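**Q** generate coordinates for the sequence data below:
(chains A and B)
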Amino acid sequence: MGAVFKKELRGYFTGFTGYILLAVMLVMMGIYTMIYCLSYQYSAFEFVYGNTVFVLMLFVPILTMRMFAEEKKQGTDRLLYSLPLKMSEIVLGKYFASLVVLGIPCFFTGIYPLILSRFGNVNFRLVYAAMLGFFLLGAALTAVCMFISLLTENQIIAAIISFAVLLLNYFMNNLTNYIPSTLFASTVILVLLVIVVGLIVWAVTKNAVLADIVSIVLLLVLIAIRLIKAELIQGILPKILNKIELFEQYFNIVYGSLDISTIALYLSTIILFCVLSVQVLERRRWA
Amino acid sequence: MIEVQNLTRKYGNHTAVDSISFKIEDGRIYGFLGPNGAGKSTTMNIITGCLAATSGTVTVNGCDIFEEPVKAKKCIGYLPEIPPLYPDMTPLEYLRFVGRAKGMKKAELNEAIPTVMAKTGISDVANKLIKSLSKGYKQRVGIAQAILGNPHVVILDEPTVGLDPKQIVEIRNLIKELGENHTVILSSHILPEVSEVCDEIIIISNGEIVASDTAENLISHFNPSTVTEVVIKGDADSAANAVAQLDEVKEVEIDDGATDGTAKLVITSGDDIREKLAEVFMNNGILVISMNLSKASLEDIFLEVTSENLHMLTGGAPVQETPAYNVAEDAGNAVDETNDNIVDETNNNSSEEADE
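**A** Here you go, the predicted structure:
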């Protein structure tokens, strides 16, 4: 893993990518620090993190776009496959390298509150909780976008899809209001979801029988729940979508509640997409 | 040692590699020969763990490439068709990365990298960016990467493609050198290259192995007739008659174009019959000026063994499954059968096509 990690990290800083990303992130955070803390003389630095979190929507797709897309295009994925490396080493090596780039602006901005504390009251626990949240949110988004980079061999497409996904997630809260939450609509949506799951199973395993079984079992479960406890189904989709909205959860931390469920959401997103990436990388050899 | 058993790889409905089996013994240079799209690269990619197989097994030094990939890959150095280089690195950085990924320690690397660079002749460009290197140097960096860490087996996919003639010679010499300490497998569609460099040749066509042996054996076994050219002084017709008395002789042609009283006999026979010919000429008092044995080239064999599959491709008459030919297992009879089949079916096909 060390070899891939070092190579990736070096890769960010042999070109301009790493420097530009860091510069943009630090400039944006600097501007907000200027406006909030220096102009308006607030000492609540956590709001700087809260307000610059949208920069991650640009930062992360650019951070991750080359990760796997470029390897495939250059044919260097063949090298990675033929070297005595585990797929998990490749994925984690790359992932941790991108986390270092993400961590650098967090580290630098972590100094600002120390400076501010000389001139006003800074609630360090709040600020550093916000910083930790910022990093974890970034890490979760990076995992999602790394996975997207694996699916294409064109960096630009990887970046655009990543951006679209993050944007969708950012506005999820507003969008879910438009999803009908009546019992009938929820049932229809869930049935459609079951069909999609069945199709995905079929596409991944090429096993029609297995896909059928999975779909039928899910449908039966769905019917059972519908008959026994219909209220569970009602409005289930907006509920779920609101729960997996990464950005919205972050503001809980900024407003002072370092919720264990938020941290758990971020960590499980990271683990899920790292595992998925390893699986896709493994499956690539079948393509 | 690499053992491949019943390896099959399908892309959708297309079968790229069709149940092939072979063994790679230690310390030899193997050549994979075949027309474009025959399945050479696919086979190599599977052996090195870059591709999964639809069915079949590959074991490298006793480790299954699918079950214990890390262990198996440690024994292999691989140069794919397109050298897998990072354009923004220097060869030195690149080799460091590969070495570390192969699990080499810093001290080992400091020792191994200069050696490998000297071997492949890239010491001069060690600190230039790979993207600024010429194709030949890029290829060498790719080979350096493959042989770094002294793997048991070095697998090179078309290592000389796109190089100029001088570079080709250099790379070939490098491969021969490698063959002294490593087992080398290389693929190529260039025949002279394979016959010059390799100890053993595996001819592969349409995803099947159609022949596998040393170059010499292939030539001697696949060539049903030997042609001897004899230049004599004197009466060509009587000499031809005398020669035709021999049982082994199939055909005699007289080429008396020369003006200095000599004539050339072109004698076709089953085996090398130069000794008997000399005896005949001596007994008949014919002066022999020169006698030459001309052998079929590897190219003829290549065309012969792959042409059958070509007929299948062009929709000729259905041919029965290619009899896999392996001299090591059963010499003699099987060989003759193979040849007969090929010749017969080729004739059948061409005549049928002509009828249409």
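**Q** in the stretch 101-250 of chain A, mark out all the helices, start to finish.
**A** Shown for the stretch 101-250 of chain A, the helices assigned by DSSP state H, counting those that start in this stretch span residues A:112-116, A:124-150, A:155-170, A:172-176, A:183-205, A:208-228, A:230-233, A:236-243, A:246-254.
**Q** quick check, B:Ile29 in contact with B:Asn181.
**A** No: with contacts counted by Cβ atoms under 8 Å, B:Ile29 stays clear of B:Asn181, the gap being 11.4 Å. Bear in mind the C-beta positions are built from the backbone N, C-alpha and C, glycine included.
**Q** any idea which of the helices of the stretch 101-250 of chain A is most buried?
**A** Most buried of the helices of the stretch 101-250 of chain A, by mean neighbour count (mean count of other Cβ atoms under 10 Å in any protein chain shown): helix A:124-150, with a mean of 23.
**Q** now the angle between helix A:155-170 and that helix, please.
**A** Counting by axes from the mean of the first three to the mean of the last three Cα atoms, to 10 degrees, helix A:124-150 points 130 degrees away from the direction of helix A:155-170.
**Q** any stretches of the stretch 101-250 of chain B with poor pLDDT?
**A** Within the stretch 101-250 of chain B, the stretches with pLDDT under 70 are B:219-225.
**Q** what does chain A give?
**A** A:204, A:287.
**Q** doesn't B:Ile201 belong to a strand?
**A** Yes: the assignment for B:Ile201 (DSSP: H, G, I helix; E, B strand; the rest coil) places it in a strand.
**Q** could I get the helices of the stretch 101-250 of chain A in JSON lines, plus columns for distance to A:Val4?
**A** Shown next, in JSON lines, are those (distance: least, Cβ to Cβ, whole Å):
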{"stretch": "helix A:112-116", "distance to A:Val4": "33"}
{"stretch": "helix A:124-150", "distance to A:Val4": "13"}
{"stretch": "helix A:155-170", "distance to A:Val4": "18"}
{"stretch": "helix A:172-176", "distance to A:Val4": "33"}
{"stretch": "helix A:183-205", "distance to A:Val4": "26"}
{"stretch": "helix A:208-228", "distance to A:Val4": "34"}
{"stretch": "helix A:230-233", "distance to A:Val4": "44"}
{"stretch": "helix A:236-243", "distance to A:Val4": "33"}
{"stretch": "helix A:246-254", "distance to A:Val4": "26"}
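**Q** reformat those helices as TSV; add distance to chain B.
**A** Output for the helices of the stretch 101-250 of chain A, formatted as TSV (distance: least, Cβ to the nearest Cβ, whole Å):
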stretch	distance to chain B
helix A:112-116	33
helix A:124-150	16
helix A:155-170	14
helix A:172-176	37
helix A:183-205	14
helix A:208-228	16
helix A:230-233	40
helix A:236-243	35
helix A:246-254	32
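**Q** nearest to B:Ser212, of those?
**A** When the helices of the stretch 101-250 of chain A are ranked by proximity to B:Ser212, the top entry is helix A:183-205, at 36.3 Å, counting by Cβ to Cβ.
**Q** give the other helices and strands that that closest one contacts.
**A** Helix A:183-205 sits against helix A:208-228, helix A:230-233, helix A:236-243, with contacts defined as 3 or more Cβ pairs under 8 Å, 6 or more residues apart in numbering or on different chains; DSSP states H and E.
**Q** hmm, back to that, the helices of the stretch 101-250 of chain A: which one's closest to A:Arg66?
**A** helix A:155-170 (5.4 Å).
**Q** hang on, the earlier thing: neighbour count winner among B:Ile29 and B:Asn181?
**A** In terms of neighbours (other Cβ atoms under 10 Å in any protein chain shown), B:Ile29 is the more surrounded of B:Ile29 and B:Asn181; the figures are 21 against 12.
**Q** surely A:Tyr49 meets A:Phe251?
**A** No: with contact defined as Cβ under 8 Å, A:Tyr49 does not count as touching A:Phe251 (10.2 Å).
**Q** list just the one of the helices and strands packed on helix A:183-205 that sits closest to A:Met65.
**A** Judged by Cβ to Cβ, the one of the helices and strands packed on helix A:183-205 that comes nearest to A:Met65 is helix A:236-243, at 25.6 Å.
**Q** next, the angle from that closest one to helix A:208-228.
**A** Going by the same axes, to 10 degrees, helix A:236-243 makes 100 degrees with helix A:208-228.
**Q** what does helix A:236-243 contact?
**A** A:Met172, A:Asn173, A:Leu175, A:Thr176, A:Asn177, A:Ile179, A:Ser181, A:Ser186, A:Ile189, A:Leu190, A:Glu248, A:Leu265 (Cβ atoms under 8 Å, 6 or more residues apart in numbering or on different chains).
**Q** can you list the domains in chain A?
**A** As recorded under automatic domain parsing, the domains making up chain A are A:2-176+A:242-284, A:183-234.
**Q** same list, these, but as CSV with distance to B:Ser123 please.
**A** What follows is these, written out as CSV (distance: least, Cβ to Cβ, whole Å):
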stretch, distance to B:Ser123
domain A:2-176+A:242-284, 22
domain A:183-234, 48
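**Q** who wins for proximity to B:Asp157 among those?
**A** Closest among those, using Cβ to Cβ: domain A:2-176+A:242-284, at 9.5 Å.
**Q** from the middle of its chain, how far away would the closest one be?
**A** On the basis of Cα atoms, centre = their mean, to the nearest Å, domain A:2-176+A:242-284 is displaced by 7 Å from the centre of the chain it belongs to.
**Q** check B:Thr322 and give its pLDDT.
**A** pLDDT for B:Thr322: 40.
**Q** name the nearest residue to B:Asn284, sequence neighbours excluded.
**A** Leaving aside its sequence neighbours, B:Asn284 sits nearest to B:Ala242 (Cβ to Cβ, 6 or more residues apart in numbering or on different chains; 4.7 Å).
**Q** in three-state terms, label that neighbour for me.
**A** At B:Ala242, secondary structure determined by three-state DSSP is helix.
**Q** identify the residues contacting it.
**A** Applying Cβ under 8 Å, 6+ apart, the residues near B:Ala242 are B:Val280, B:Phe281, B:Asn283, B:Asn284, B:Ile286.
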